[in-house]
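# Need a 3D model of the sequence below.
(chains A and B)
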Amino acid sequence: MIKDVGNFVGQEISIKGWLYNKRSSGKIKFIILRDGSGYLQCVYFKGNVTEDTFNTVDKIGQESAIEVTGKVRAEQRAPGGYELDATDLRVISETHDFPITPKEHGIEFLMDNRHLWLRSSRQVAILKIRHRISKAIRDYFDGHGFTLVDTPILTPAACEGTSTLFETDYFDLGKAYLTQSGQLYAEANAMALGKVYNFGPVFRAEKSKTRRHLTEFWMVEPEVAFADLNDDMDLAEDFLEYVVQSVLSDNIEDLKILERDITLLKNVKKPLPRISYDEAVEILKKNGVEFEWGNDLGGTDETIISNQFDRPVMVHRYPSAVKAFYMKRDPQNEKLALAVDVLAPEGYGEIIGGSQREEDFDTLLSRIEEHNLPREAFEWYLDLRKYGSVPHSGFGLGLERTVSWICGLDHVRESIPFPRMIYRNTP
RNA sequence: UCCGCGAUAGCUCAAUGGUGGAGCAUUCGGCUGUUAACCGAAGGGUUGCAGGUUCGAGUCCUGCUCGCGGAGCCA
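Here you go, the predicted model:
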């Protein structure tokens, strides 16, 4: 693979890939080969290769699949520091008129050609960082005593009763819904295994049309038995530090391709600042925002708050009225929920939402009734409070928002290979 | 759902109500170290769709379609 060519200096090698770009100057021709692992400049001198091979270089278009043979050489003038002094060229599949040229394109064209856009250096870098983040997430939990549990995607009822879900017919059993969260099922698993996490796609049928929303996105949700809100925040900051520092140590080249300023990412270390909702409201008022206590924080509110800090900030104890039914109320103030949101810097908004869960049977039942949720659908969930109920907490981290933040993207649509949005479900 | 902006060559964009252009891409020619290479030439158009105003509409008006930005909702 191209990323390993440095180990083959002085040797003749053959390498398969795609033609990324080419330039020619009379009797010398340069091609840039890409293979997914990196980019390699290959030089064709007239005289070093057959007339036929030399002419073939002219003929093949961008994204032709080829196999290049030649000797590896360290070369300062070549991108990446190494170059292939080519002796042969085998065409595996010739291509002409690849739509995405190395020039500028508009977003509509690029999204229509998303299946081809993925081959560009920028998209390749993003996908590699996305993979590193996914791996860091799994490594972190696997290394801290968590068991991965897979929760259902088709569910009989809305998990939280707050957002609009995709609906589908389910044989003779009526309607089924695409899950918006695996959390309730993760709680059941946590009562079996202690510390668990699930990691998979979730779905929201909200007609949200912003740079932070997809209708299908990936979420990781740890759930821990015998953990309170403070334990939850301790976990979130330790976890977030691990994920960000993993990318910084392994993906510096990819971040350079994205021209990401990593100054603030380097700051993502424990402890993260913790402020209460009340303190957040004070910050808003100091910044001239007319904010009424009791409302949820909007996107611009989150940006103002996060701009006060040089790293992600945890906002805890929100008004219970704007939070989900299963969140435990603060014993010190019944109007507050033991919830926490982690706001990423630079306007990337909420990347983590979590809480301590209500563990008392009667209280949870009355919450379900207050929210006009069908009790039958939650009988199994109530059982968790009937048999060996314990304080427990967890959170959910949105993968695409995290990728967008770490990569410095201006829209989540670039953070997943094939984004699903309100006005686009193709390609 | 609401507010705002837009749709012209394969792509990115120009064009005062008066003969639709440029750069890139493509094809041809030139160049022995290019870095989104460069230089010269050629081909390439039902100006999103439907109506209207006007002697004359890419340009003004109305409706529609699609897209983009933002709000709300949310992670």
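
# quick one: contacts for the residue in chain A that RNA strand B sits nearest to?
Closest residue of chain A to RNA strand B, CB to the nearest atom of the strand: A:G26 (2.1 Å). Bear in mind the C-beta positions are built from the backbone N, C-alpha and C, glycine included. The contact partners of A:G26, taken as CB atoms under 8 Å, 6 or more residues apart in numbering, are A:K46.

# Now do it, the pLDDT please.
A:G26 is assigned 83 on the pLDDT scale.

# A:T162 too?
The predicted local confidence for A:T162 is 62.

# Over to A:D228?
For A:D228, the model assigns a pLDDT of 96.

# Surely it is in contact with A:P391?
Yes. Counting by CB atoms under 8 Å, A:P391 is a contact partner of A:D228 at 5.6 Å.

# When those two are compared, which one has more neighbours?
A:P391 (18 against 15; other CB atoms under 10 Å).

# list the contacts for that one?
A:F226, A:A227, A:D228, A:K328, A:Q356, A:R357, A:E359 are the contacts of A:P391 under CB under 8 Å, 6+ apart.

# How about A:D261?
So A:D261 contacts A:G408 (CB under 8 Å, 6+ apart).

# re earlier: name the residues contacting each of A:D228 and A:P391.
What both A:D228 and A:P391 touch, as defined by CB under 8 Å, 6+ apart, is the set A:Q356.

# close enough to count as contact, A:T151 and A:A190?
No. Under the criterion of CB under 8 Å, A:T151 makes no contact with A:A190, lying 11.3 Å away.

# of these two, who's got more company?
Applying other CB under 10 Å to A:T151 and A:A190 shows that A:A190 carries more neighbours, namely 28 against 22.

# Is that one in a helix, a strand, or coil?
helix (DSSP: H, G, I helix; E, B strand; the rest coil).

# So A:E359 sits against A:G388, correct?
No. Counting by CB under 8 Å, A:E359 stays clear of A:G388, with 10.2 Å between them.

# Which one's more surrounded, those two?
A:E359 (18 against 8).

# Tell me the secondary structure at the more buried one.
Applying three-state DSSP: A:E359 is coil.

# out of everything not next to it in sequence, what's closest to it?
A:S389 (4.7 Å; CB to CB, 6 or more residues apart in numbering).

# For that neighbour, give me its contacts.
So A:S389 contacts A:E359, A:D360, A:F361 (CB under 8 Å, 6+ apart).

# Out of the residues you listed, which comes closest to A:G398?
Distance to A:G398 across the contacts of A:S389 (CB to CB) is lowest for A:E359, with 25.7 Å.

# Now the phi/psi pair for the closest one, please.
Main-chain torsions, A:E359, degrees, to the nearest 10: phi -110, psi -10.

# Quick check: the gap between it and A:W405.
32 Å (CB to CB, to the nearest Å).

# Then A:V315?
16 Å.

# now do A:E414
For A:E414, the distance to A:W405 - CB to CB - is 12 Å.

# Could you pull out the residues contacting both of the two?
With CB under 8 Å, 6+ apart, A:E414 and A:W405 have no common neighbours.

# All the strands of the stretch 151-300 of chain A, residue numbers only.
Taking DSSP state E, counting those that start in this stretch, the strands of the stretch 151-300 of chain A run over residues A:154-155, A:167-169, A:175-178, A:195-203, A:216-225, A:274-276.

# I'd like these as a markdown table, with mean pLDDT appended.
Formatted as a markdown table, the strands of the stretch 151-300 of chain A follow (pLDDT from 0 to 100):
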| stretch | mean pLDDT |
| --- | --- |
| strand A:154-155 | 90 |
| strand A:167-169 | 87 |
| strand A:175-178 | 89 |
| strand A:195-203 | 95 |
| strand A:216-225 | 96 |
| strand A:274-276 | 95 |
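
# what's the closest of those strands to A:K22?
strand A:216-225 (37.1 Å).

# Buried residues, stretch A:349-361. List them.
Neighbour counts over stretch A:349-361 (16 or more other CB atoms under 10 Å) mark A:G349, A:E350, A:I351, A:I352, A:G353, A:G354, A:S355, A:Q356, A:R357, A:E358, A:E359 as buried.

# for stretch A:56-69, same thing?
Neighbour-count burial for stretch A:56-69 [16+ other CB under 10 Å]: A:T56, A:V57, A:I60, A:Q62, A:E63, A:S64, A:I66, A:V68, A:T69.

# May I have the distance across it, first residue to last?
One end of stretch A:56-69 sits 14 Å from the other (CA to CA, to the nearest Å).

# for the stretch 1-150 of chain A, what spans make up the strands?
Under DSSP E, counting those that start in this stretch, the stretch 1-150 of chain A gives strands at A:12-25, A:28-34, A:39-45, A:65-74, A:82-93, A:147-148.

# contacts for the last one?
Counting contacts by CB under 8 Å, 6+ apart, the residues outside strand A:147-148 that touch it are A:R138, A:F141, A:D142, A:N189, A:L193, A:G194, A:K195, A:V196, A:Y197, A:N198, A:F199.

# Name the nearest residue to the second one, ignoring sequence neighbours.
Leaving aside its chain neighbours, A:F141 sits nearest to A:Y197 (4.7 Å; criterion: CB to CB, 6+ apart).

# Enumerate every residue touching that neighbour.
A:F141, A:F146, A:T147, A:L148, A:V149, A:A186, A:V220, A:E221, A:P222, A:E223.
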